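**Student:** below: sequence and its predicted model.
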Amino acid sequence: MTLFYLLILTFIALIAIGGYDATMRLIHYLELSFRYNFIIRPQMYLMRRKLERELGIDRKEFAKYQEKNDG
């Protein structure tokens, strides 16, 4: 329960110091950051692994092929 009160107090202090708009921008940034790091990135990792398995691509060989053809 103490953690809840500290969270509310922090939220009120953020509004008092930075204003409502700045606080909402901070909350939106934190939400997007959380969503990207803990939801989207693991999904991307699983999709990459699935694609590598389905296509039979070895990452090291593909990197060598790319370097050879880029230069």
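**Tutor:** The structure has been received and is ready for your questions. Residues are numbered from 1 along each chain as shown.
**Student:** helices and strands of this structure: which one bottoms out on pLDDT?
**Tutor:** Each helix and strand of the chain was given a mean pLDDT (mean pLDDT, DSSP states H and E); the minimum falls on helix 59-70 at a mean of 81.
**Student:** contact partners of it?
**Tutor:** For helix 59-70, the surrounding residues in contact (C-beta atoms under 8 Å, 6 or more residues apart in numbering) are Glu52. Every C-beta, even on glycine, is put in place using the N, C-alpha and C of the backbone.
**Student:** run the chain-centre distance for it.
**Tutor:** 28 Å (C-alpha atoms, centre = their mean, to the nearest Å).
**Student:** same check, this time on stretch 26-45
**Tutor:** 3 Å.
**Student:** buried ones in the helix or strand hosting Arg53?
**Tutor:** Using DSSP states H and E, Arg53 maps to helix 41-55. Within helix 41-55, no residue counts as buried by 16 or more other C-beta atoms under 10 Å.
**Student:** from the chain's centre, how far out does it sit?
**Tutor:** With C-alpha atoms, centre = their mean, you get 17 Å for helix 41-55.
**Student:** since that was my last question, I'll sign off now.
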